[in-house]
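# Next come a sequence and a model predicted from it.
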Amino acid sequence: MRSTFRKLFSILSSRERRTSFWMFVLIVIGAFFEAGGVASIIPFISVLSDPSVVNENVWLARAYAWSGMESVEAFTIAMGFLFLGVFFTSLVLKALNQWVQIRFSKMRVHSVGSRLLKGYLSQPYEWFLSRHTSKLATTILSEVNQVISKSLLPAIQLVAQTIVVTALIVVLLIIDPVLAVSSTAVLVGAYVVIYMVVRRPLYRFGRRRYLANLERYRVTQETLGGVKEVKVGCLEQNMLERFMPSSFKTANEEIKASVVNMLPGHFMQAVVFGGVVGVLLYLKQAYGSMSGALPVLSAFAFAAYRLLPALQQIFRHITSMRSNSAALDGLIAEIRSLESVSDSRLQEPRSRFPELKQCIKLKGIEYGYPAASEMALKGVSVTIGAKERIGLVGSSGSGKTTTVDVILGLLAPTSGNMFVDGVKITPENVRQWQRSIGYVPQHIFLADETIAANIAFGLKPNEIDRDSVIRAARLANLHDFITTRLPEGYDTEVGERGVRLSGGQRQRIGIARALYHDPDVLILDEATSALDNQTEKAVMEAVDKLASQKTIVLIAHRLSTVRECDRIYLMSDGQVVGEGRFDELVRDNAEFSAMASGEPSA
Ligand SMILES: Nc1ncnc2c1ncn2[C@@H]1O[C@H](COP(=O)(O)OP(=O)(O)OP(=O)(O)O)[C@@H](O)[C@H]1O
């Protein structure tokens, strides 16, 4: 249990830890008043049942004299009000404490989730290559919530209830030590026995729920993310059957944990009722008569009214923390797997590289993916002149995308260097370099927003510059389509994942997006490979318009795409094996010439 507290503490920031200290102080004050409420009932009931105690008891006599009351009746009424005052104050403090505790923990869903996303975003691109995005999303969206509501909040409430229970027991010990010790021993002992029985199954249920929930999210994301393939492949039933076991398991394990949480409550009622009989017999024995025992009985009854639910809640909090320790461990492992979180990797660099004047030079680049046995790039040297249009071609797996990812500054070469106008690209200046590049991937991710917001992707609505959006759309050959064919022009919603746009239109939105920040260099990574010849032609017209305005790097499967390039690099097995203009390569390079002859001319 101590280690669970330590782990929970470790997911809080130092500011949150300080806040939790003040929350603890408030809990102690609340407990003080709760115990005071129980203690103050004794003198009130004593005076009520036998007014003569006002003179017999030293403390009551002093209080009576100090109050200056004229009659014992008035004093009794005042005592009643005092008791009610303490009791009401304890209720108000209880409500305040609950509000503070719930607010503190629910806000942690927000802050821990945000810190986690910040941690993910500040990781290098390489880090993401070995991660499943569905697991990252599940951790942020589901597991953080699970840990906070089923582990952190119970932990806080456990501390609060334990302090209240301790304070109440101290008061009871003062009132009647024998009764306090024996009844506490029976109650706490019964809970300890139950906990010992259920702790292992609870951990098992929690671990199975955690794993099943990850699987549930993964299958959901695959199914909905690939809905087109699912529909075409008639895989609906298949996907449903893959989803249902993990979904069933998640629910089932949660049911088991909840029932185990609840059952001891019934068992404890049997213990308590058995105990009441014993207490009454004891009181009759110890105080001679029931009327003599009335003040003590009232105090114990009143304390039990708080103590029993508090003990039951303590038990539930402990079991909840226990059954969620797998989720907490998962979250901690995820936080630890993050390399240092650096703000510099999150902020937009203030400046960008000076305009490209001469060339981008890759010199002897070697790169190996973390888990791969073979190098993906084996000494690649490439020169891309300013305002040139360069093509990268080669068979699948030859290293084109890896080369582009190095140019994009996403992968740091294992050896070799990249220079931009003679300046070496280093971790310090790579983000400025990235600001100079516009990138168009093979599949454009379209957000469920307007055309304008999709072109100015990632910006807040008030940051979008309409003139830049229109300029980029004109360059991408999209402006006429947007203004004449779309009902609300640039303010037309594209629909989730761009389903209302054709493949060619989506790709041109991608090009407009890449051009929005007016980059020097435009990189298209198989941006037209998924399009038919006719649609590709329309997209390539947009690219042609940019020739001699921008430096362009094109990765292409189809050689027709790179026909107009100033220079083409042919890659094979992580190396550059040919270089030249299209016709030069057809003439001089057997591999290229074979590729060209195998492809119908566009
Ligand atoms: N994330 C990765 N982890 C390990 N190896 C990888 C990874 N991505 C690519 N590779 C390997 O690196 C080599 C080069 O891959 P790359 O994607 O650069 O080729 P490509 O020419 O772009 O291929 P394609 O035309 O199919 O996209 C391949 O052998 C590939 O298997």
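It's in. Computed from a prediction, not measured in an experiment: that's the story for all the values here. Numbers count the residues shown, from 1 in each chain.
# ok, now how distant is the closest residue to E253 other than its chain neighbours from the ligand?
Nearest residue to E253 in three dimensions, chain neighbours excluded: R209, at 3.8 Å (CB to CB, 6 or more residues apart in numbering). Backbone N, C-alpha and C define where each C-beta goes, glycine included. From R209 across to the ligand, the span is 31 Å (CB to the nearest ligand atom, to the nearest Å).
# What of V186?
Note on V186: its distance to the ligand, by CB to the nearest ligand atom, is 62 Å.
# What sits closest to that residue if chain neighbours are left out?
Per CB to CB, 6+ apart, closest to V186 is G275, 5.8 Å.
# and that neighbour, backbone torsions?
The phi/psi pair for G275 (degrees, to the nearest 10) reads phi -70, psi -40.
# So what's the residue count around it?
17 (other CB atoms under 10 Å).
# In contact with it, which residues?
With contact taken as CB atoms under 8 Å, 6 or more residues apart in numbering, G275 is in contact with S183, V186, L187.
# for F300, same thing?
Counted by CB under 8 Å, 6+ apart, F300 has contacts L172, I175, D176, L179, S183, V279.
# quick one: buried residues of the host helix or strand of it?
Per DSSP states H and E: F300 is located in helix 294-323. Within helix 294-323, the residues scored as buried using 16 or more other CB atoms under 10 Å are 294-300, 302-304, 306-308, 310-323.
# can you tell me the average pLDDT over that helix?
Average pLDDT, helix 294-323: 80.
# Equivalent analysis for stretch 237-249, please.
According to the model, stretch 237-249 has a mean pLDDT of 90.
# Convert it to CSV, retaining C-alpha atoms only.
C-alpha atoms of stretch 237-249 as CSV (Å, rounded to 0.1, in the frame of the first residue of the first chain):
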residue,chain,number,x,y,z
GLN,A,237,-18.7,-9.6,-38.5
ASN,A,238,-15.0,-10.5,-38.1
MET,A,239,-14.2,-7.1,-36.5
LEU,A,240,-17.2,-7.4,-34.3
GLU,A,241,-16.0,-10.8,-33.1
ARG,A,242,-12.6,-9.4,-32.4
PHE,A,243,-14.0,-6.5,-30.4
MET,A,244,-16.5,-8.4,-28.3
PRO,A,245,-14.2,-10.7,-26.3
SER,A,246,-12.1,-7.8,-25.0
SER,A,247,-15.1,-5.6,-24.4
PHE,A,248,-16.9,-8.5,-22.5
LYS,A,249,-13.7,-9.1,-20.5
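# May I see the buried residues of that stretch?
M239, R242, F243, S246, S247, K249.
# Skipping its backbone neighbours, what lies nearest the fifth one in space?
What that stands for is S247. Leaving aside its chain neighbours, S247 sits nearest to R216 (5.2 Å; criterion: CB to CB, 6+ apart).
# Confirm T551 sits in a strand?
Yes - under DSSP: H, G, I helix; E, B strand; the rest coil, T551 sits within a strand.
# Now do the contacts for it.
Contacts of T551 (CB under 8 Å, 6+ apart): L356, I360, I384, G385, A386, K387, E388, R389, I390, D520, V521, L522.
# Any idea what it is bridged to?
On the basis of DSSP bridges, T551 is bridged to V521.
# Quick check: the gap between it and the ligand.
With distances taken as CB to the nearest ligand atom, T551 is found 20 Å from the ligand.
# Compute the distance between that residue and Y125, please.
Distance, T551 to Y125, using CB to CB, to the nearest Å: 22 Å.
# likewise S325?
Per CB to CB, S325 is found 33 Å from Y125.
# Please, where are all the strands along the stretch 501-602 of the chain?
Counting by DSSP state E, counting those that start in this stretch, residue ranges of the strands within the stretch 501-602 of the chain are 521-525, 551-555, 567-572, 575-580.
# would you turn those strands into a markdown table with distance to A257?
Formatted as a markdown table, these follow (distance: least, CB to CB, whole Å):
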| stretch | distance to A257 |
| --- | --- |
| strand 521-525 | 47 |
| strand 551-555 | 51 |
| strand 567-572 | 55 |
| strand 575-580 | 57 |
